[in-house]
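> Structure for the following, please:
(chains A and B)
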2 protein chains.
Amino acid sequence: MRDAIGIFDSGIGGLTVLRALSEALPYEDTIYLGDTARVPYGTRSAETVVRYAAQAAKFMAEKRVKLLVVACNTASAVALEAIRETCPSTHFPVVGVIDPGVREALRVSRTRRVGVIGTEATIRSDAYVRALKADDPAVQVFTKACPLFVPLAEEGWQESDVAALTAERYLAGFRDLGVDTLVLGCTHYPVLASVIQKTVGPEITLIDSASATASAVRDTLKDRALDRPAPAAGTRAASQRFYVTDAHERFVKVGSRFLGRDLAGVITVEL
Amino acid sequence: MRDAIGIFDSGIGGLTVLRALSEALPYEDTIYLGDTARVPYGTRSAETVVRYAAQAAKFMAEKRVKLLVVACNTASAVALEAIRETCPSTHFPVVGVIDPGVREALRVSRTRRVGVIGTEATIRSDAYVRALKADDPAVQVFTKACPLFVPLAEEGWQESDVAALTAERYLAGFRDLGVDTLVLGCTHYPVLASVIQKTVGPEITLIDSASATASAVRDTLKDRALDRPAPAAGTRAASQRFYVTDAHERFVKVGSRFLGRDLAGVITVEL
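All right, here's what the predicted structure looks like:
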């Protein structure tokens, strides 16, 4: 397969980005790689994440993708420049999930007080704070790591009382801060968007990085004339391939819920 | 350092085993290895866990430990025989956390109906069911994977309403089964013992594998005349060394809570 969009994630969460991409760009072929043998990246050191991400980028270069989406917030936070540097021979653009979410948040916010939630590593990296302030030094940023959200989403408990109480514990503090925009800085969090919205109240706009990233990919492809036109009626549909580095069954079971449809033909690879 | 007891775990959870060991055998030196770069093992395939565990055993052999505790339930479930086979040159006994817990459960149970809770991989491996039935074919075993318990323990939320509700969702079913014994089949779970006990009620005895394993280690050392006698007054205290494969700061922060005292001098190694 050539000319596909590559989507790399530490595991399952990036499937919410693939889902948004498929809705925005239904004619594009995609190759998804979930590094399920080494998930989660969120608790690892920056050097380790950089090493893993470089291996994934090499895999995608061999698959000759035309664009690479780094769908993992942790990898986007600490490894995006490294990927661009370590793959100089591969001439494809690399899109992370942080910059699109940041741009959308700054477009939406009126109070210039923005909240960001994510994994411990993403929050600790300060990547969102730096990116937000680089675009607007006057913006005030409030962050919170929410480690329980990932296993809640994977367990499928997004509608449960446990999810409501957990969201209350993590997010109640955002209600009195004058924040009007909250960035979901982890690809798992769109699964919990409903309970998060209920907890922070309707005055706060949630920024789903998955949708923002899909828009950024569409723009980048168009700018470089890499986008695929709508095919003639009757020709084949877009193809989606899935690779994981471990634990196939679990990826299929949980991933189908994230993707919104059944996952089939998942191949296990070594990086 | 020679003649120490080696304790290997996928991450932080094994510190509850180290804690029980230190209480049972206060004079023994210990070397703890947490494979924090690759935690959790609970969602990985058996082949991967076997490979990781063999590397850890080799590390411990180089440190010349006199006994190795595999404190990780997942590794004990799928890799114990492999460790014994792949390290034939290393003449130290290997103790897992499953058999001691199983023996204690069968000693305690009157109804011969035993519950087991653990990670997805431990439960899926059926290791507890096989071990329980090997000792008593008539025993009835009821199992439940509880994936939220690990992040709850690591977050320090063991006393929270979230923990209570999560325990209720996972464990309510055990109350009507005639089960009188519940094995905590994950080293994180002793941190949640109080909320688990409240949820299942006082009629069910919890089996803490950490304590059961410490007793098994004491017996094994005594049988082989490897135990260290109480030192003379005024001589040095037992030494404890800690090695991790990644993310040092997080291990120290969360681990101190699991161990019940401050962690110092943690060294990062590559396996």
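> thinking residue A:115 is in contact with residue A:182, fair?
Yes - the pair residue A:115 / residue A:182 is scored as a contact, 4.2 Å apart, by CB atoms under 8 Å. (Each C-beta comes from the backbone N, C-alpha and C, glycine too.)
> Overlap of the contact sets of those two?
In terms of CB atoms under 8 Å, 6 or more residues apart in numbering or on different chains, residue A:115 and residue A:182 are both contacted by the residues A:174, A:200, A:204.
> Give me the number of neighbouring residues for residue A:13.
31 (other CB atoms under 10 Å in any protein chain shown).
> so what's it closest to, chain neighbours aside?
residue A:187 (3.4 Å; CB to CB, 6 or more residues apart in numbering or on different chains).
> for residue A:154, same thing?
Leaving aside its chain neighbours, residue A:154 sits nearest to residue A:254 (5.2 Å; criterion: CB to CB, 6+ apart).
> quick one: the strands in the stretch 51-200 of chain A?
A:67-70, A:94-96, A:113-118, A:140-145, A:181-184 (DSSP state E, counting those that start in this stretch).
> could these go into a markdown table alongside distance to residue B:196, mean neighbour count and mean pLDDT?
Listed next are the strands of the stretch 51-200 of chain A as a markdown table, based on distance: least, CB to CB, whole Å; neighbours: other CB atoms under 10 Å in any protein chain shown; pLDDT from 0 to 100:
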| stretch | distance to residue B:196 | mean neighbour count | mean pLDDT |
| --- | --- | --- | --- |
| strand A:67-70 | 39 | 27 | 96 |
| strand A:94-96 | 41 | 24 | 95 |
| strand A:113-118 | 29 | 26 | 97 |
| strand A:140-145 | 26 | 18 | 97 |
| strand A:181-184 | 32 | 26 | 97 |
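> which residue sits closest to residue A:129, ignoring its sequence neighbours?
Nearest non-adjacent residue to residue A:129 (CB to CB, 6+ apart): residue A:141, at 4.8 Å.
> Mind jotting down where the helices sit in the stretch 1-150 of chain A?
A:15-24, A:46-62, A:73-86, A:98-108, A:120-125, A:127-135, A:149-155 (DSSP state H, counting those that start in this stretch).
> Show me which positions of the first one end up buried.
Right, helix A:15-24. A:15-22, A:24 (16 or more other CB atoms under 10 Å in any protein chain shown).
> Of these, which is the nearest to chain B?
residue A:15 (15.7 Å; CB to the nearest CB).
> near chain B, which residues of the stretch 1-150 of chain A?
Within the stretch 1-150 of chain A, the positions adjacent to chain B are A:36-39, A:43-45, A:48, A:120, A:147-148, A:150 by CB under 8 Å from any CB of the partner chain.
> And the worst-scoring helix or strand of chain A on mean pLDDT, what's buried?
One helix or strand of chain A scores below all others by mean pLDDT, DSSP states H and E: helix A:120-125, with a mean of 84. Residues of helix A:120-125 classed as buried: A:120-125 (neighbour count, 16+ other CB under 10 Å).
> which strands and helices sit next to that helix?
helix A:73-86, strand A:140-145 (3 or more CB pairs under 8 Å, 6 or more residues apart in numbering or on different chains; DSSP states H and E).
> Please convert these to CSV, extending it with distance to residue A:227.
Shown next, in CSV, are those (distance: least, CB to CB, whole Å):
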stretch, distance to residue A:227
helix A:73-86, 21
strand A:140-145, 33
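> Return the most buried member of these.
Ranked by mean neighbour count, the helices and strands packed on helix A:120-125 are led by helix A:73-86 with a mean of 23 (mean count of other CB atoms under 10 Å in any protein chain shown).
> ok and it relative to helix A:127-135, angle-wise?
Calculated by axes from the mean of the first three to the mean of the last three CA atoms, to 10 degrees, helix A:73-86 forms an angle of 70 degrees with helix A:127-135.
> Give the rounded mean pLDDT of helix A:73-86.
Average pLDDT, helix A:73-86: 86.
> Contacts for that helix, please.
Contacts for helix A:73-86 (CB under 8 Å, 6+ apart): A:8-10, A:40-42, A:44, A:46, A:49-50, A:52-54, A:56-58, A:68, A:70, A:94, A:96-98, A:118-119, A:121-122, A:125, A:127-128, A:185-187, A:209.
> Narrow those to just the buried residues.
Here, 16+ other CB under 10 Å leaves A:8-10, A:40-42, A:44, A:46, A:49-50, A:52-54, A:56-57, A:68, A:70, A:94, A:96-98, A:118-119, A:121-122, A:125, A:127-128, A:185-187, A:209 buried among the contacts of helix A:73-86.
> Tell me who's in contact with the spatially closest residue to residue A:185 that is not a sequence neighbour.
Distances taken as CB to CB, 6+ apart put residue A:118 closest to residue A:185, at 3.3 Å, once the chain neighbours are dropped. Counting by CB under 8 Å, 6+ apart, residue A:118 touches A:73, A:128, A:143, A:145-146, A:185-186, A:189.
> can you rerun that using 7 Å?
A:73, A:145, A:185-186 (CB atoms under 7 Å, 6 or more residues apart in numbering or on different chains).
> if you skip the residues just before and after it, what's nearest to residue A:71?
Residue A:71's closest residue in space is residue A:14 (CB to CB, 6+ apart), at 3.2 Å.
> domain ranges for chain A?
Following automatic domain parsing, chain A resolves into domains at A:5-96+A:211-268, A:98-209.
> tell me the contacts of residue A:245?
Residue A:245 neighbours (CB under 7 Å, 6+ apart): A:35-38, A:268-271.
> Could you list which of the residues you listed belong to strands?
Among those, DSSP state E puts residue A:268 in strands.
> For the closest residue to residue A:168 other than its chain neighbours, give its distance to residue A:237.
Leaving aside its sequence neighbours, residue A:168 sits nearest to residue A:199 (CB to CB, 6+ apart; 5.7 Å). Distance of residue A:199 to residue A:237, given as CB to CB, to the nearest Å: 38 Å.
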